[in-house]
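Chemist: Make a model of this:
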Amino acid sequence: MSNLRRPLSVAAVLLMLAGCGRSPQPQAGARPAPPVPVITLAERMVPREHVWDGTVQAVNRATLSAQTSGRIVELPYDVNDYVPKGAVVARLTDVEQGAAAHSAMAQVRVAQAAYRDAEAQYQRIAAVYARRLVSKAQYDQARASADSAKAALDAARQNFRAAQQSQDYTVVRAPYAGIVTQRFVQVGEAVRPGQPLIAGISLNQLRVEAQVPQSDVAAIRRYARGWLVLDGGARRIEATRVIVFPYADPATHTFTVRLELPPADTSLNPGEVVRVAFMVGARSRLMIPESALLRRGEITGVYVVHGDQVALRQIRLGHRFGGEVEVISGLVPGERIARDPLQAVAWLVNRHQGRGT
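Modeler: This next block holds a predicted model:
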């Protein structure tokens, strides 16, 4: 294995030193083109962009507060714990609330009995009134009594629902899955309505906000495209929506621009600073795949294919756009380069060894 690596490395170094900066020239009686996949270069329109720092935020973040009074009897989760949606995050004593619910239920039963009696009385009076055996005043009174009993039953039911809801408030559940960021109370502590209990954020949906100078706001609004630039530009996440706030900070004269992101990237964390790029125009650029680059120390180049010749040429690079990189100098449109530099090296080594033998 080591015997194979050595000639390949030596040949590659010789080829780089001999080929950098020179275009291959066709020879008389040239052989067929080498079996190396190539890319024909052409300029194309790509976004012109400006880059700023932005802050990652969680879309769903909340502080859960007590909606009834009581004493904390259970706090199953602590800071940094993951909480599933609907899980109990705090439980309060419910003695008073339970007693109120039972009392309200008893009032509902009383109201139901009164309503049944009033309705039955009304039905009897109505049947007799139909035969003209009672006065209309008696009929109206029976009907009013039934309606009053029905209203009392409805009120009792509403009171029961309110009491039941108050009892439900003694169990606090997570509105969505997320991470606990802060706990404001401890087990055994008495709480009152409105008192904060626990805070958390969801990592399932994130967004980024950046402060942008006034001079670029019009272009950002026009194109409405933005990206998170990660790993030094090697990776990008395009925003699903770009929102420019309709007002500026009077102190800094900057506008807040929000980027809504696709489903959360596990490498992003709320509160961290990231680079964000906004499209402010477009221009023609010569782009090549980053996979076509060969990097050896100080040298960055590509293998140019011309006829049956393959030679390394050093180039100067510009901005990265995902898996592509801009070529500032060293190549011109219409030239062909090897798609895979290692495959080009292997072909050159094989040809060199064939000539040596």
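
Chemist: pLDDT weak spots in the stretch 251-357 of the chain?
Modeler: 264-266, 322, 354-357 (pLDDT under 70).

Chemist: Show me where it has its helices.
Modeler: 341-356 (DSSP state H, counting those that start in this stretch).

Chemist: hey, where'd the strands end up in it?
Modeler: 254-260, 273-289, 294-296, 299-306, 309-314, 316-321, 324-329, 336-338 (DSSP state E, counting those that start in this stretch).

Chemist: in this structure, what residue sits furthest out from the centroid?
Modeler: residue 133 (75.7 Å; C-alpha atoms, centre = their mean).

Chemist: Tell me the pLDDT of that residue.
Modeler: At residue 133, the predicted lDDT confidence score is 81.

Chemist: now swap in residue 81 and tell me
Modeler: Looking at residue 81, the pLDDT reads 93.

Chemist: Give me the nearest residue to it, chain neighbours excluded.
Modeler: Nearest residue to residue 81, sequence neighbours excluded (C-beta to C-beta, 6 or more residues apart in numbering): residue 180, at 5.0 Å. From N, CA and C alone the C-beta is placed, and that goes for glycine too.

Chemist: who touches the one you found in this structure?
Modeler: With contacts defined as C-beta atoms under 8 Å, 6 or more residues apart in numbering, residue 180 is in contact with 77-81, 83, 89, 198-200.

Chemist: 6 Å instead?
Modeler: 77, 79, 81, 200 (C-beta atoms under 6 Å, 6 or more residues apart in numbering).

Chemist: Of those residues - the most surrounded one?
Modeler: With neighbours taken as other C-beta atoms under 10 Å, the top of the contacts of residue 180 is residue 200, carrying 26 neighbours.

Chemist: coming back round to it: would you turn the strands of the stretch 251-357 of the chain into a markdown table with distance to residue 44 and mean neighbour count?
Modeler: Listed next are the strands of the stretch 251-357 of the chain as a markdown table, based on distance: least, C-beta to C-beta, whole Å; neighbours: other C-beta atoms under 10 Å:
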| stretch | distance to residue 44 | mean neighbour count |
| --- | --- | --- |
| strand 254-260 | 25 | 19 |
| strand 273-289 | 7 | 18 |
| strand 294-296 | 23 | 14 |
| strand 299-306 | 17 | 21 |
| strand 309-314 | 21 | 21 |
| strand 316-321 | 11 | 16 |
| strand 324-329 | 10 | 17 |
| strand 336-338 | 16 | 22 |
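
Chemist: can you tell me which of those comes nearest to residue 40?
Modeler: strand 336-338 (5.2 Å; C-beta to C-beta).

Chemist: quick revisit: starting from the helix or strand that contains the residue nearest to residue 81, tell me which strands it pairs with and how they run.
Modeler: Using DSSP states H and E, residue 180 maps to strand 178-183. Paired with strand 178-183 in the same sheet, following DSSP bridges, are strand 82-83 (antiparallel), strand 196-201 (antiparallel).

Chemist: which of the ones you listed sits most buried?
Modeler: strand 196-201 (a mean of 20; mean count of other C-beta atoms under 10 Å).
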